[in-house]
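*Asks:* Here you go, sequence then predicted model.
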Amino acid sequence: MLPWCILLMAVVPVVADPLATTYAIHSSCSPYPAVLQAVTEAIKMASLASQHLEAEDDWEKYDTFGLGAAFRLVWNIADRDDYEVALDQVSTIFGSIAETRPGDSFSGADIHIYCDNDERWKLAKDRTALGPLMQGDPAPLPNSREHPDQQIWVDNTSGVYHIGIPACFYDTTAVTYTKAIRSPFHSRPPARRAAITICNDGLKRYSTLDGYIDIKTGIDLSKIGVGAVSVFLSHTILHELTHTLPYEVNDDEDNPYGWEHSIQKHTDAALDNADNYAYFGALALLFEKGYMLTPDAIGAEMGVLVQRPRERNLSPV
Ligand SMILES: [Zn+2]
């Protein structure tokens with residue numbers, strides 16, 4: 001007979017974490033099935049990064065042949081204080097993104113993902129107000145007469161607004177909108193609502209590192225370097241997910257994109273720059289695939305990847 005505790009475990013259904021953020025992919029992405037693969041891989045990157053960081057708890061234990069060296073490089077860790085601040089924040093964000101799940105319905109999901117090149121956005125009607133005017137505020141210009149940089153645009157499907165022309169109308173790969181409409185004209189969206197648009201430029205990208213590595217079996221990734229992961233949509237999606245609520249990681253004002261720029265930031269700036277998270281997530285996936293940053297410091301700064309030693313060489317069993 002089975003012990004009662006095992007029986008109990010067998011009958012308790014697995015319930016998804018009610019606090020986990022949910023996402024839904026809009027029908028505009030139907031022609032692009034690779035988007036779901038890229039979202040799935042982005043969440044997997046966060047999960048692998050989180051698993052590594054759970055084991056990373058000792059400033060003194062410098063782990064050249066693991067992700068510890070990458071962690072120190074990506075967040076420019078110079079001392080124990082940097083280490084502890086970065087480990088706490090990065091672990092929290094990756095741990096939470098790792099829990100992101102598909103939503104039960106489009107309207108109820110926290111994060112909406114679109115492939116419409118921002119075509120859904122409409123210039124707000126002149127009567128639309130984002131909130132009550134404070135006493136003494138000048139009456140605003142009608143929206144239609146505002147400067148384009150100041151005009152209010154509305155995404156009525158997700159219930160978010162944006163000031164200025166939506167980003168896909170410029171040369172952008174993807175963009176995240178998180179400003180919820182607070183207006184009597186719109187119902188209130190979920191508290192963590194974000195709308196991510198993968199712009200036409202982003203839809204041309206390779207979808208996943210996983211697929212690429214599988215297709216190119218035997219490829220020498222050391223000839224590519226980690227900087228090249230920015231051509232993968234999964235890297236872009238992980239970048240965008242860090243912009244969503246409640247994390248709201250920014251793009252640093254100073255050179256926010258690219259491997260070389262990301263690793264030159266001081267820890268505080270790196271912790272508030274989305275691309276740093278996207279590169280570390282990619283490194284966590286590459287590590288699982290058998291690649292790591294070279295132990296050579298100059299080479300690592302250039303993003304050179306090497307095949308990592310087999311597990312049996314890393315730690316005694
Ligand atoms: Zn960004």
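*Replies:* Happy to help now that I have it.

*Asks:* So which bits of stretch 48-57 are buried?
*Replies:* Neighbour counts over stretch 48-57 (16 or more other Cβ atoms under 10 Å) mark 48-53, 56 as buried. For glycine as for every other residue, the C-beta is placed from the backbone atoms N, C-alpha and C.

*Asks:* quick one: that stretch to chain centroid distance?
*Replies:* Put simply, stretch 48-57 sits 17 Å off its chain's centre (Cα atoms, centre = their mean, to the nearest Å).

*Asks:* about what we covered before: can I get the buried residues of stretch 48-57 in a markdown table including secondary structure, distance to the ion and pLDDT?
*Replies:* As requested, these are exported to a markdown table (DSSP: H, G, I helix; E, B strand; the rest coil; distance: Cβ to the ion, whole Å; pLDDT from 0 to 100):
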| residue | secondary structure | distance to the ion | pLDDT |
| --- | --- | --- | --- |
| L48 | helix | 21 | 97 |
| A49 | helix | 18 | 97 |
| S50 | helix | 21 | 96 |
| Q51 | helix | 25 | 95 |
| H52 | helix | 23 | 93 |
| L53 | helix | 22 | 93 |
| E56 | coil | 25 | 84 |
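
*Asks:* Quick check: of those residues, which lies closest to R101?
*Replies:* Using Cβ to Cβ, S50 comes nearest to R101 of these, at 14.9 Å.

*Asks:* who's in contact with that closest one?
*Replies:* 91, 94-95, 97-98 (Cβ atoms under 8 Å, 6 or more residues apart in numbering).

*Asks:* Which positions in the stretch 1-150 of the chain make contact with the ion?
*Replies:* Within the stretch 1-150 of the chain, no position is near the ion by Cβ under 5 Å from the ion.

*Asks:* low pLDDT regions in the stretch 1-150 of the chain?
*Replies:* Within the stretch 1-150 of the chain, the segments meeting pLDDT under 70 span 1-18, 127-139.

*Asks:* Smallest distance to the ion belongs to which residue of it?
*Replies:* Residue nearest to the ion within the stretch 1-150 of the chain: A42 (13.4 Å; Cβ to the ion).

*Asks:* Likewise for the chain?
*Replies:* Residue nearest to the ion within the chain: D251 (4.1 Å; Cβ to the ion).

*Asks:* Next, the contact list for the closest residue to that residue other than its chain neighbours, please.
*Replies:* Take D251 and drop its neighbours on the chain: the residue closest to it by Cβ to Cβ, 6 or more residues apart in numbering is A274, 5.7 Å away. Contacts for A274 (Cβ under 8 Å, 6+ apart) come out as 239-240, 242-243, 249-251, 256.

*Asks:* pretty sure the residue of the stretch 1-150 of the chain closest to the ion is in a helix, no?
*Replies:* Yes: A42 forms part of a helix when assessed by DSSP: H, G, I helix; E, B strand; the rest coil.

*Asks:* so how far is L48 from it?
*Replies:* The gap separating A42 from L48 is 11 Å, by Cβ to Cβ, to the nearest Å.

*Asks:* what touches both of the two?
*Replies:* Jointly contacting A42 and L48 under the rule Cβ under 8 Å, 6+ apart are G281.

*Asks:* which residues in the stretch 1-150 of the chain form helices?
*Replies:* 4-11, 34-55, 68-74, 80-97 (DSSP state H, counting those that start in this stretch).

*Asks:* residue ranges of the helices in the stretch 151-300 of the chain, please?
*Replies:* Assigned by DSSP H, counting those that start in this stretch, the helices in the stretch 151-300 of the chain fall at 200-203, 209-215, 233-243, 259-262, 267-271, 274-288, 297-301.

*Asks:* Redo the ones you listed as TSV? Include distance to the ion and mean pLDDT.
*Replies:* Shown next, in TSV, are the helices of the stretch 151-300 of the chain (distance: least, Cβ to the ion, whole Å; pLDDT from 0 to 100):
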stretch	distance to the ion	mean pLDDT
helix 200-203	12	95
helix 209-215	19	76
helix 233-243	6	98
helix 259-262	12	97
helix 267-271	14	98
helix 274-288	5	96
helix 297-301	23	94
